[in-house]
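**Q** Got a predicted model here, sequence first, then my questions.
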Amino acid sequence: MQAGKEKLLWMYEKMVEIRFYEETMAAVYMEGKLPPNIQKGLAFDIGSGPVPGEMHLAAGQEPVAVGICAHLTPDDTVVGTHRPHHFAIAKGVALDPMTAEMFGKVTGLGKGKGGHMHLFDNAHKFSCSGIVGASMPIACGAALAAKKMGSNWVAVAFFGEGAANQGSFHESMNLAAVWKLPVIFVCEDNQWAISVPKNKATSIEWVADRAAGYGMPGIRVANNDAIAVFEAAAPAIARARRGEGPSLIEVKTDRYFGHFQGDPETYRPKGEVSSLKARDPIPALARLLKEKNMMSVQEESEMVRRAHAAVNQAFAFARDSAYPTAQDALADVFVSNGSHTRSLV
């Protein structure tokens with residue numbers, strides 16, 4: 001299946017939006033994290049600034065999110081990873097409450113209680129988790145529900161190549177195959193499991209080859225290209241909608257930032273990130289669209305303007321929103337004495 005002009009333009013604009021979001025978050029996150037004079041022995045303070053806690057950004061990995069989500073409907077489920085923003089944005093999660101959640105504000109998706117690794121949006125059937133490999137069994141549950149309801153909805157589990165060595169990967173693949181669940185397993189292979197290179201932790205070059213052991217198709221996408229991902233995903237998603245079971249897709253992608261913000265990245269070869277950015281998928285797609293007369297310079301400028309405006313608005317909304325009160329800590333918390341359950345407030 002080839003992507004038409006409308007899909008291609010959507011993918012391009014979403015990639016621009018995701019990249020600007022991640023770059024903006026990278027700058028905002030560092031506010032207050034470093035002391036004015038680090039020579040005095042003071043260190044990076046993960047709890048300071050407007051966005052406390054860890055932060056995992058996905059700049060460079062945009063093609064995986066948009067290439068898959070371009071096929072999905074509002075009824076389809078997406079379960080992301082600890083690096084979730086690109087999936088959430090591609091699935092349609094609103095930027096304002098998503099960003100407010102990361103700022104710990106009451107207007108956030110989880111009222112400021114979850115943070116960036118625990119984004120939940122029932123309206124768009126999106127969730128994620130900080131636990132490595134947790135996306136797969138959850139997506140299987142959503143797929144089982146879709147099957148029992150007799151719908152043609154699908155579920156997508158995104159995970160990294162490091163998670164492909166977790167027990168949850170093998171258990172989920174086997175269960176999905178046995179029950180013919182409408183789930184698509186999508187491996188984002190950025191070659192780094194935190195700081196461990198893939199060739200030091202995984203016995204095979206392609207995780208997609210493991211699909212054969214579970215009787216499902218295994219699809220390789222060797223280039224970090226949105227169109228290639230879109231075309232590879234089409235038969236897998238169509239197969240799931242027909243009730244023919246799961247598929248495994250592996251995409252070789254690139255991670256421009258460290259595992260987390262503040263990561264010194266001493267494990268990466270010198271110059272690796274610069275070489276990765278030389279094949280940046282966003283300008284590559286822009287060139288292609290213009291060469292094929294699918295996007296004018298004016299249209300490109302307008303899409304970039306819209307994407308930047310949406311991101312800037314989201315960060316302004318998050319900054320201006322209120323923090324929860326002390327009493328809010330007890331809200332949405334339930335206790336049980338064995339016979340009945342009650343809310344603390």
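**A** It's in. Because the structure is a prediction, the values reported are computed rather than measured.
**Q** Break down the stretch 51-200 of the chain into its strands, ranges please.
**A** 77-79, 120-121, 126-127, 155-160, 183-189, 192-193, 196-197 (DSSP state E, counting those that start in this stretch).
**Q** just the stretch 201-345 of the chain next, same as before
**A** Under DSSP E, counting those that start in this stretch, the stretch 201-345 of the chain gives strands at 218-221, 247-252, 334-336, 341-343.
**Q** where does the chain have low pLDDT?
**A** Low-confidence segments of the chain, defined by pLDDT under 70: 36-42.
**Q** these two touch, right, S343 and F334?
**A** Yes. Assessed by Cβ atoms under 8 Å, S343 is found in contact with F334 at 5.6 Å. (Each C-beta comes from the backbone N, C-alpha and C, glycine too.)
**Q** quick one: S135 from A233, how far?
**A** 16 Å (Cβ to Cβ, to the nearest Å).
**Q** Would you agree A284 is in contact with D225?
**A** Yes. Counting by Cβ under 8 Å, A284 touches D225, with 7.3 Å between them.
**Q** neighbour count winner among the two?
**A** Set side by side, A284 and D225 show more neighbours around D225, with 21 against 16, by other Cβ atoms under 10 Å.
**Q** Identify the residues contacting that one.
**A** By Cβ atoms under 8 Å, 6 or more residues apart in numbering, D225 lies in contact with P63, P281, A284, L285.
**Q** Please identify, among the residues you listed, the one with the most neighbours.
**A** Counting by other Cβ under 10 Å, top hit in those: P63 with 29 neighbours.
**Q** Nearest residue to it in space, please, no chain neighbours.
**A** A226 (4.0 Å; Cβ to Cβ, 6 or more residues apart in numbering).
**Q** Could you double-check that that neighbour sits in contact with L285?
**A** Yes. A226 lies in contact with L285 (Cβ under 8 Å); the separation is 5.8 Å.
**Q** Quick check: neighbours shared by these two?
**A** With Cβ under 8 Å, 6+ apart as the test, A226 and L285 both reach M11, Y12, M15.
**Q** and the residues you listed, which are buried?
**A** Buried residues within the shared contacts of A226 and L285, counting neighbours by 16 or more other Cβ atoms under 10 Å: M11, Y12, M15.
**Q** what helix or strand is the second one on?
**A** Y12 is part of helix 5-29 when elements are defined by DSSP states H and E.
**Q** residues in contact with the closest residue to F87 other than its chain neighbours?
**A** Distances taken as Cβ to Cβ, 6+ apart place G80 nearest to F87, at 4.0 Å, with adjacent residues excluded. Contacts for G80 (Cβ under 8 Å, 6+ apart) come out as F87, A88, L119, F126, S127, C128, S129, S135, F158.
**Q** just F87 next, same as before
**A** A65, C69, V78, G80, T81, F126, C128, F158.
**Q** Now flag whichever of those residues is closest to G141.
**A** V78 (13.3 Å; Cβ to Cβ).
**Q** Touching, that closest one and W153? I think so.
**A** No. Between V78 and W153 there is no contact under Cβ under 8 Å: 11.4 Å.
**Q** who's more crowded, the two?
**A** Under the criterion of other Cβ under 10 Å, the comparison of V78 against W153 puts V78 first, with 31 against 20.
**Q** beta partners of the more buried one?
**A** F126, V156 (DSSP bridges).
**Q** do you know how far it is from G4?
**A** In terms of Cβ to Cβ, V78 sits 22 Å off from G4.
**Q** just to revisit the earlier point, and the furthest pair within the contacts of D225?
**A** Largest pairwise distance in the contacts of D225, by Cβ to Cβ, is 9.5 Å, between P63 and A284.
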